[in-house]
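Asker: sequence plus predicted model, see below.
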Amino acid sequence: MEASLYLHIPFCAGSCDYCDFYSVPVKTVDSRLDFYIDRLLADVRQALSGAVGAAAVTSVPTVYIGGGTPSMLGYRRLKRLLTELAMLTPNTPLEWTVEANPESADEAFFETCAATGVTRVSLGIQTFHEPSRMAVNRVGDSRLLRERLALARSIFPAAFSIDLIAGLPFQNEAVLQADIGQALAFEPAHVSLYSLTVNEHTPLWKKWKEWKRTRRFDCDVERIDRLWLAGRDELERNGYAQYEVSNFCRRGENGEASVKNMSAHNLRYWRMENWLGIGAAASGTIIDEGTGTGVRRTTAADVDSYLANPAFAVECLDRSAIIKETFLMGFRTMFGPDDALFRKRFHTDIEACIPKTIALWRNKGLFDRESLRLTRMGLLFLDAFLREAFSELDCGNGAS
Ligand code: SF4
């Protein structure tokens, strides 16, 4: 069986006010980091051997080490993790990504990655604008960010990615343009541009309410949308093509989005291809190609429980659930779900499952006439499209 690997490292230098992911400050778990790596490696060994109720994994096309902040492990621990992981995988993965944040991505980090088979690094920059960084309690400063980006470029010239956020406090169009300009000066192969989300129960939520009350800046969600659109246009003007809701890659010589600059690992998620999630709060999905059903394996949601008990929950996903997830993930991309793979798995066509929704959205000019994908404009209304598609599926068109 073929399956990608995702390893979760939920440790961070600090806590960003907008963060809605599970993460813990690294200083509170320092003495257990080696144990966490032991546990990860044991878990990988078990998962690859097929002990999760699926067949043994004979090929690992991609590996992604994300977080949290994997670079917080420090280069010695990272070296051990990467070296032992490489020995466990049955083949050399085509793409091997490690996420990092500038405050912990020093020269030793990049060199360790390069020496242990990592092919791609993804750096969380978010913004170079100090008032915006400080307003959301994000560690680092713009000088350090530039220094670390220069290192990434010198060691991974053809394969590093930068994360940016549109809609941060005190960010206007000029600030965002300057952020993008500074990021692109390092010629990354790939850029993720996210919209700021102000989730309830995050520290940012409280601050946001106060800023709204005192009118410190425009807190409307429309400002966030406007900024993201301006950022998208700026990236496109500068040689990057959008290939997913929040992801852009450098265009190839033919002017099209270049597959070699995309994230191969994330493409597998968007195509709903097998992956195993390892580590606290990680999950993975294995699909049975014959029946179109799936199994989701989810580990304990926090580090303490994960270290105390490596057991995982198993959820069986029926054909209808997998079809919905295939739409949810596939329509996020500029190319839509893979029609051939869909037919092979579910013995029906995408269009046969949601004919009314597709016809309606084509009439509105939001769904491509020739292929099974939303248009660039349609992608902005993805949630509404999925709501209609799911409601049509629930009425029984080929999904049951
Ligand atoms: S670095 Fe990322 S995971 Fe860690 S607190 Fe900030 S946003 Fe959350």
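Answerer: Structure's in. What do you need?
Asker: if I pick the most centrally placed residue in the chain, what's in contact with it?
Answerer: Nearest to the geometric centre of the chain sits Asn266, at 6.3 Å (C-alpha atoms, centre = their mean). When the contact criterion is C-beta atoms under 8 Å, 6 or more residues apart in numbering, the partners of Asn266 are 64, 244, 247. Quick note: C-beta positions are derived from backbone N, CA and C, even for glycine.
Asker: tell me the pLDDT at it?
Answerer: pLDDT for Asn266: 98.
Asker: secondary structure class for it?
Answerer: At Asn266 the chain is in helix, as set by DSSP: H, G, I helix; E, B strand; the rest coil.
Asker: what's the spacing between it and the ligand?
Answerer: 17 Å (C-beta to the nearest ligand atom, to the nearest Å).
Asker: same question for Leu379.
Answerer: For Leu379 relative to the ligand (C-beta to the nearest ligand atom), the value is 24 Å.
Asker: hmm, that residue is touching Asn247, no?
Answerer: No - if you go by C-beta atoms under 8 Å, Leu379 and Asn247 don't touch, sitting 11.5 Å apart.
Asker: more neighbours, those two?
Answerer: Taking neighbours as other C-beta atoms under 10 Å, Leu379 and Asn247 compare with Asn247 leading, 25 against 18.
Asker: any idea how far Gly124 is from the ligand?
Answerer: 6 Å.
Asker: for that residue, what are phi and psi?
Answerer: phi -80, psi 100 (degrees, to the nearest 10).
Asker: and it, what is it in contact with?
Answerer: Gly124 touches 69, 99-102, 163, counting by C-beta under 8 Å, 6+ apart.
Asker: out of those residues, which sit inside strands?
Answerer: If you go by DSSP state E, the contacts of Gly124 have 99-100, 163 in strands.
Asker: doesn't Leu193 lie inside a helix?
Answerer: No - under the criterion used here (three-state DSSP), Leu193 is strand, not part of a helix.
Asker: coming back round to it: as CSV, the contacts of Gly124 with neighbour count, pLDDT and distance to Lys212 would be great.
Answerer: As requested, the contacts of Gly124 are exported to CSV (neighbours: other C-beta atoms under 10 Å; pLDDT from 0 to 100; distance: C-beta to C-beta, whole Å):
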residue, neighbour count, pLDDT, distance to Lys212
Thr69, 23, 95, 30
Glu99, 21, 97, 32
Ala100, 25, 97, 34
Asn101, 27, 95, 29
Pro102, 24, 94, 30
Asp163, 19, 98, 26
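Asker: which of the residues you listed are close to the ligand?
Answerer: 69, 101 (C-beta under 6 Å from any ligand atom).
Asker: between the contacts of Gly124, which is nearest Leu88?
Answerer: Minimum distance to Leu88 across those is 20.0 Å, recorded for Glu99 (C-beta to C-beta).
Asker: look up the closest residue to the closest residue to the ligand within the stretch 301-400 of the chain, ignoring the ones flanking it.
Answerer: Closest residue of the stretch 301-400 of the chain to the ligand, C-beta to the nearest ligand atom: Val303 (13.4 Å). Distances taken as C-beta to C-beta, 6 or more residues apart in numbering place Ala280 nearest to Val303, at 4.8 Å, with adjacent residues excluded.
Asker: repeat for Cys219
Answerer: Lys212 (4.4 Å).
Asker: how about low-confidence regions in the chain?
Answerer: Across the chain, the ranges flagged by pLDDT under 70 are 51-53, 397-400.
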